[in-house]
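Engineer: Pasting a predicted model and its sequence here:
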Amino acid sequence: MKNNYMEILRHIPIMEDHGHLYMYYGTPYCDECDVYEDQDAMGNKLIVSYECHELCTAIADHFEKEMKWNDSLYENNIRLEDVFDVDVEKQNFTIIVSLLLYMVASMTYEDKFIDALNNGYMIRLLKRLEKLV
C-alpha cells in the first residue's frame, strides 16, 4: 500500500533536510523554482520550489476527489485557527489527509503552508501518513 503513496512520501527525506526551501519569501536559492510577484512585508518575493509543486500536486491528485477536508475537520472539532495545536501523532488517516489537503489549499490565501514547513508540522503530517499506510 505504501507504493500508492510514494509520490507523496518520497518528499520526507528531502523535507527533513531542506523543507524550509520548499516555499519561502526571499531570494531564489537555485534555478529550480518559481518566483512570484507576491511579496511579504519586507518586499521579498514568494519562492516556490519544483519539489513543492510536485508534493502539493501529488497530495491533491491523490486525495482531493475522495475527501472533503473541511467537513472532516469540522466534524472532528478541529478549528483552522488552531491547526498547529492538533496532536498529529494521535490522528487517524482521515484527519491526516484532511490536514494535508488543508495545507495545500492554504497556499493560495495565507502563509499557513510556509509556517507548516518552518515549524515542522508538514513533515510530521507526512511521517504520520507514512505510519498509517
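Structural biologist: Perfect, I can see it now.
Engineer: hmm, who's touching stretch 22-40?
Structural biologist: Identification of contacts with stretch 22-40 by CB atoms under 8 Å, 6 or more residues apart in numbering yields 15, 21, 42, 44-53, 55, 107, 113-114, 117, 122. C-beta: built from backbone N, CA, C; applies to glycine.
Engineer: my bad, should have said stretch 77-86
Structural biologist: If you take CB under 8 Å, 6+ apart as the criterion, stretch 77-86 is touched by 73, 95, 98, 99, 102, 112, 115, 116, 119, 121.
Engineer: can you pull the contacts of the residue most central in space within the chain?
Structural biologist: Centroid-nearest residue in the chain, with CA atoms, centre = their mean: residue 103, separated by 4.6 Å. Counting by CB under 8 Å, 6+ apart, residue 103 touches 59, 112, 113, 116, 122, 125.
Engineer: Just the pLDDT for residue 108.
Structural biologist: pLDDT recorded at residue 108 is 76.
Engineer: could you measure it against residue 19, distance?
Structural biologist: Residue 108 sits 20 Å away from residue 19, going by CB to CB, to the nearest Å.
Engineer: Compare those two (neighbour count), which wins?
Structural biologist: Neighbour count, other CB atoms under 10 Å: between residue 108 and residue 19, residue 19 has more, with 22 against 7.
Engineer: Am I right that that one is in a helix?
Structural biologist: Yes: read with DSSP: H, G, I helix; E, B strand; the rest coil, residue 19 is one of the residues of a helix.
Engineer: you'd agree residue 126 is up against residue 13?
Structural biologist: No: Residue 126 lies out of contact with residue 13 (CB atoms under 8 Å); the separation is 10.3 Å.
Engineer: If you count surrounding residues, which of the two has more?
Structural biologist: residue 126 (23 against 10).
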